[in-house]
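> build the 3D model from these lines:
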Amino acid sequence: MAQWVEVVNTDQVPEGEKRCILAMNVPLVVCRVAGNWFALKNVCPHAGLPLGEGQLHGHVLTCPFHGYTYNIRNGRNVDWPHDELPVKTYPVCVDGNHVQVNLTPDD
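All right, here's what the predicted structure looks like:
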């Protein structure tokens with residue numbers, strides 16, 4: 001069953017930055033871009049490596065290992081938007097300074 005889990009405080013992720021965390025055994029990349037919050041699984045679907053070690057430019061996160069680029073809003077590959085292997089994204093809500101992500105254990 002999915003549940004809202006607090007993952008960071010708003011002051012822990014500056015505007016235009018990301019943070020890698022583990023919540024409920026789910027590796028996440030939490031991003032703050034243009035005042036909005038996004039959460040993705042910290043696993044590149046191409047090779048299973050940590051996507052969060054890559055560079056964030058606007059709404060695009062680039063895998064540091066093979067250069068695949070993903071839209072953090074929907075998880076889709078930027079270069080091949082019809083790719084059947086998007087990065088898993090999660091709903092995010094902010095309650096005061098608490099950023100929460102809707103997770104399922106071992107997702």
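
> in stretch 21-35, what counts as buried?
Residues 21, 23, 26-33 are the ones in stretch 21-35 that count as buried (16 or more other CB atoms under 10 Å). Every C-beta, even on glycine, is put in place using the N, C-alpha and C of the backbone.

> check the residue most central in space within the chain and give its pLDDT.
By CA atoms, centre = their mean, the chain has its centre lying nearest to Leu40, at 2.4 Å. Note on Leu40: pLDDT of 97.

> what do you get for Pro81?
70.

> give me the neighbour count for it.
Using other CB atoms under 10 Å, the number of residues around Pro81 comes to 10.

> what's the closest non-adjacent residue to Leu22?
Among residues not flanking Leu22 along the chain, Leu28 sits closest, at 7.2 Å (CB to CB, 6 or more residues apart in numbering).

> check which helix or strand covers that neighbour.
Assessed by DSSP states H and E, Leu28 sits inside strand 26-33.

> quick check: buried residues in the following helix or strand past that strand?
Downstream of strand 26-33, the next assigned helix or strand under DSSP H and E is strand 36-41. Neighbour counts over strand 36-41 (16+ other CB under 10 Å) mark 37-41 as buried.

> residue ranges with poor pLDDT in the protein?
Flagging of the chain using pLDDT under 70 yields the residue ranges 105-107.

> fine by me, we can end here.
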